[in-house]
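Student: Prediction below, plus the sequence it came from.
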Amino acid sequence: MSAEPMGATDRKVGRTPGPRTGSSKRLARIDAAVGLSFAAPAVIGVLVLGLVPFGYVIWYSLHDWSPLIGEFNWIGLDNFSRLIADDTVWSSFLTTFKYAALLMVLNITLAMGLAVLLNQKLRGTTTFRAFFFSPVIVSAVAWVLVWNYLVAANGGINGALATIGIQGPNWLRDPTWALVTVVVIQVFKGVGMNMILFLAALQNVPAELKEAARIDGATPGRVFRSVTLPLISPTILLVVMITTIGAMDVFVPIQILTQGGPGRSTTVISYLLYRTAFEQQDFGYASAIGVVLFVVVLVLAALQWSSRKRWVHDEV
Amino acid sequence: MNGSTNRRRFLTAAATLSAGALLLASCSGGDDGGGDGDTPDGPVELRMVMWSANEGHHEIFNQIADAYIAENPELVSAVSFEPLTGSGYVNALTTQIAGGDAPDLAWVSEANAAQFVQSGVLYNLQPTFTETEGYDIDDLLDGAIDVWSADGEIYGYPFSNSPFGMYVNNDLLAAAGQPNPRDLMASGEWTWDKAMEIAAAVADGTSTTGFQASDDPYTNWNAALGAMWMSWGAAPWSEDGTECTFDSPEMVEFFDWFHGQIYDTGAVAEPGAEFDFASGQVGLRLSQLSSSTALGDDFAWDFVPMPEGPAGTVPVVGQGGVGVVARGDNPQIAADFLAYFTNPENSQLLAQFFPPPRESLLTVETLSAAAPALTEEQIQGTVIDQALVGVTKAGHVNMSEIADPVRVELDALWVPEGDAATVMPAICEAISDSLAG
């Protein structure tokens, strides 16, 4: 492995340029133009579809906006004051954190386990890899609709349990089970993607390092803990970050499976935002919730990113 | 290029971007999207959003629109009917209005009628309806247009005025050794208690369920139970909508009774269970005329009036109305089109699918087209007789604020140990601010 990342070498070269001729300057300009033209669609996309709507959301959050009545009044930070005193918002954030934590633990543990198993030189691993990855490419709505029937009180899962004499719970109507059920359905949906990422990382771990550890007397568990895990830690960081961000704005399974119930046991913050905006027609307040959600996700991502120095072995 | 220059350029770009966003925002949001009453230079295109994507509905709508355009080429050049199907219909419609893209006409259900009328979303149709020759406004049933009216003016036309009745799977009832509801009607024993006794017997030990409400009671309480509690003399709020009456003795009695049908007798399926009447999995189902189109001859079925409750038999109608959106681009022309769309002749065409609110059209001949699967006896007894005297399901000016808190509080009832006497006051506490306005 290179002692210095490739980017750093390039930057060094860039800092000590030799004398440029007119021809090389022209080539550099052409290179820059080509590079910018390739990057332009993505940059324009981020600006138009990301930053401009975000600017709108901030603007709306400072207004009382009731579209049915047609009122759009400046109220400054009142929506944020109201939000701070709103128990429903904070209970929804708490539910979101529970959902995200449970999803992350289950998803990453399962994905890592599957990746380790599929990294063995055994027959049929390709088939299993395709099997576990296939839910990733299924439409989220179709996936959830099918599961809605499976986990119904009289659905397929309870029917199967009944054949062996077990009365299954009312998965989506029991406050104890509803959130767990949604998490498990989402874990099965997304675990394949994380599994593939881990598998790719595992396959890049140099065999000679593991071999050296074994020669030194390390058990398989110790090799995994002390050699493999540190070497794939950048991938773990990536997976933790994208899984967390994805979990913080979960919407489809909540809308289809539970509509936030029973009670508010599955009302996550993005679902509360949707209800506030589109069902209660309180667009200004919903925008304020959106702004706070953005800040929370940003802080979480920043915390995860800043923690990398403690545990990410080979920073990219 | 030094760091300072870079920072300056970045800040300039960010400021420009923010200014652009704010400028765009200021041009929208509160924009009312038209409706200023200016006379257009030429014929306009009208757009109506509707809940249904049914091809038959669209065919009739287009047929009427084409005839209107042929008669009024100087006013309208085209009418488009845009389906926004699914449970998010009202959300989608509201979003269009919020986004400054208000349609000219919109389909609205009775539950949202008060909210749309009172908030000023809908345009006053009274002058147009009154002045349109041959419209015959007096033919409209008083009870049918109540929720679409305010201060003596009409803001919407309930083109579908459909009574609730009970669909019966006679095969399941016979298999369970239960009496036929028509015989019970003849002997005056067709009551909610008897219906649930039958339902419990149907569900007992089978993979079917006994009774199914017109929607999911556990998520859509008003759509599912709103037609039932009236037979207990109950109502969710006072007539003026300002006082919660969920905690009234009648309402507590109704919910206590319904809870018992789920957890004591088993007549009603527990929350989260899935059954389908058209597939022969349900003994009794509360629904409307339009449900008959999904029924074939796989099993023997009937459609009978709602049973009698402690407060007697209360016929209830569910409505689909259409109104002109005041913030549309051409409300006056849209109102003129609506007056044509709902005149006596075109109401007869619409009656192929929707029971009309016009007394003169409530005939077996007219409604047979809407529900060919129903017999004359079913149409007369369960549809026409009920529509003439039916009351409309409850709605509220703040329905969108009220719906979710009620659902949340009701969830405490949908467990075996749920107690209506405890839950109903909690509902009133949760919605009292919204009711007060």
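Tutor: Looks like it came in fine. Numbering: from 1, shown residues only, chains lettered A, B, ... in the order given.
Student: ok, now how distant is residue B:415 from chain A?
Tutor: Noted for residue B:415: a distance of 8 Å to chain A, by Cβ to the nearest Cβ, to the nearest Å. (Glycine included, C-beta is placed from N, CA and C.)
Student: what's the pLDDT at that residue?
Tutor: Listed pLDDT for residue B:415 reads 94.
Student: and it, what are its phi and psi?
Tutor: In terms of degrees, to the nearest 10, the main-chain angles of residue B:415 are phi -140, psi 160.
Student: That one: neighbour count?
Tutor: 18 (other Cβ atoms under 10 Å in any protein chain shown).
Student: which ones are touching the nearest residue to residue B:235 once chain neighbours are set aside?
Tutor: Nearest non-adjacent residue to residue B:235, counting by Cβ to Cβ, 6 or more residues apart in numbering or on different chains: residue B:245, 5.5 Å away. Each residue near residue B:245 by Cβ atoms under 8 Å, 6 or more residues apart in numbering or on different chains is listed here: B:234-238, B:251, B:428.
Student: Neighbour-wise, give me the winner out of the residues you listed.
Tutor: residue B:236 (25 neighbours).
Student: is it true that that residue touches residue B:244?
Tutor: Yes - counting by Cβ atoms under 8 Å, residue B:244 is a contact partner of residue B:236 at 7.4 Å.
Student: mind listing the strands for the stretch 51-200 of chain B?
Tutor: Counting by DSSP state E, counting those that start in this stretch, the stretch 51-200 of chain B has strands at residues B:76-83, B:105-109, B:149-150, B:153-154, B:157-169.
Student: Those strands: which one's closest to chain A?
Tutor: strand B:105-109 (11.3 Å; Cβ to the nearest Cβ).
Student: Residue of the stretch 101-250 of chain B closest to chain A, please.
Tutor: Closest point on the stretch 101-250 of chain B to chain A, by Cβ to the nearest Cβ, is residue B:119, at 4.4 Å.
Student: Chain neighbours aside, what residue packs nearest to that residue?
Tutor: Closest residue to residue B:119 apart from its sequence neighbours, by Cβ to Cβ, 6+ apart: residue A:68 at 4.4 Å.
Student: got the strands of the stretch 51-200 of chain B as CSV, with mean neighbour count, mean pLDDT and distance to chain A columns?
Tutor: Output for these, formatted as CSV (neighbours: other Cβ atoms under 10 Å in any protein chain shown; pLDDT from 0 to 100; distance: least, Cβ to the nearest Cβ, whole Å):
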stretch, mean neighbour count, mean pLDDT, distance to chain A
strand B:76-83, 16, 95, 18
strand B:105-109, 26, 94, 11
strand B:149-150, 15, 92, 15
strand B:153-154, 18, 94, 18
strand B:157-169, 25, 94, 18
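Student: need the contact list for the most centrally placed residue in chain B.
Tutor: With distances taken as Cα atoms, centre = their mean, residue B:109 lies nearest the centre of chain B, 3.5 Å away. Counting by Cβ under 8 Å, 6+ apart, residue B:109 touches B:51, B:90, B:318-321.
Student: check those against chain A, which are close?
Tutor: By Cβ under 8 Å from any Cβ of the partner chain, the members of the contacts of residue B:109 lying near chain A are residue B:90.
Student: next one: stretch B:300-319 to chain centre, how far?
Tutor: Mean C-alpha position of stretch B:300-319 versus that of the full chain (Cα atoms, centre = their mean, to the nearest Å) differs by 17 Å.
Student: Enumerate the positions of it that are buried.
Tutor: B:301-309, B:313-319 (16 or more other Cβ atoms under 10 Å in any protein chain shown).
Student: Let's test this: mean pLDDT of that stretch, rounded?
Tutor: 94.
Student: What about the residue in the stretch 301-437 of chain B that chain A sits nearest to, how many residues nearby?
Tutor: When scored by Cβ to the nearest Cβ, the stretch 301-437 of chain B has residue B:411 as its residue closest to chain A, at 4.2 Å. Using other Cβ under 10 Å, residue B:411 has 22 neighbouring residues.
Student: Now the nearest residue to it once chain neighbours are set aside: which helix or strand?
Tutor: Spatially, and ignoring its direct neighbours in sequence, residue B:411 is nearest to residue A:262 (4.2 Å; Cβ to Cβ, 6+ apart). Taking DSSP states H and E as the definition, residue A:262 sits outside all helices and strands.
Student: What residues does the stretch 201-316 of chain A have near chain B?
Tutor: A:259-264, A:275, A:278-281, A:283.
Student: any idea of the pLDDT on residue B:33?
Tutor: 40.
Student: The residue nearest to residue A:119 when sequence neighbours are not counted: what's it in contact with?
Tutor: Leaving aside its chain neighbours, residue A:119 sits nearest to residue A:202 (4.6 Å; criterion: Cβ to Cβ, 6+ apart). By Cβ under 8 Å, 6+ apart, the contact list for residue A:202 reads A:115-116, A:119, A:228, A:232.
Student: Most neighbours out of those, which is it?
Tutor: Busiest of the contacts of residue A:202 [other Cβ under 10 Å] is residue A:232, holding 26 neighbours.
Student: shouldn't the residue of the stretch 301-437 of chain B closest to chain A be in contact with residue A:266?
Tutor: No - at 11.0 Å, residue B:411 does not count as touching residue A:266 under the criterion of Cβ under 8 Å.
Student: Please enumerate the helices of the stretch 201-316 of chain A.
Tutor: A:207-215, A:220-223, A:229-248, A:252-253, A:269-274, A:283-306, A:308-311 (DSSP state H, counting those that start in this stretch).
Student: Which stretch among the ones you listed approaches residue B:47 most closely?
Tutor: Closest approach to residue B:47 among the helices of the stretch 201-316 of chain A is made by helix A:283-306 (22.3 Å; Cβ to Cβ).
Student: Contacts for the closest one, please.
Tutor: A:54, A:57-58, A:60-67, A:75, A:79-80, A:82-83, A:89, A:93, A:237, A:240-241, A:244-245, A:248-249, A:269-270, A:272-274, A:276-277, B:98.
Student: Buried ones among these?
Tutor: A:54, A:57-58, A:60-67, A:75, A:79-80, A:83, A:89, A:93, A:237, A:240, A:244, A:248-249, A:269-270, A:272-274, A:276-277, B:98.
Student: what's the closest non-adjacent residue to residue B:281?
Tutor: Using Cβ to Cβ, 6+ apart, the closest residue to residue B:281 is residue B:275 (4.3 Å).
Student: Would you enumerate the residues in contact with that neighbour?
Tutor: So residue B:275 contacts A:154, B:208-209, B:212, B:269, B:281-282 (Cβ under 8 Å, 6+ apart).
Student: Quick check: of the residues you listed, which has the highest neighbour count?
Tutor: For the contacts of residue B:275, the largest neighbour count, defined by other Cβ under 10 Å, is 26 neighbours, found at residue B:209.
Student: contacting residues around that residue?
Tutor: B:199, B:202-203, B:268-269, B:273, B:275, B:281-283.
Student: same thing with residue B:353?
Tutor: B:54, B:56-57, B:60, B:160, B:290, B:370.
Student: can I get the residues you listed in a markdown table with distance to residue B:220?
Tutor: Output for the contacts of residue B:353, formatted as a markdown table (distance: Cβ to Cβ, whole Å):
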| residue | distance to residue B:220 |
| --- | --- |
| B:54 | 21 |
| B:56 | 25 |
| B:57 | 22 |
| B:60 | 28 |
| B:160 | 18 |
| B:290 | 17 |
| B:370 | 24 |
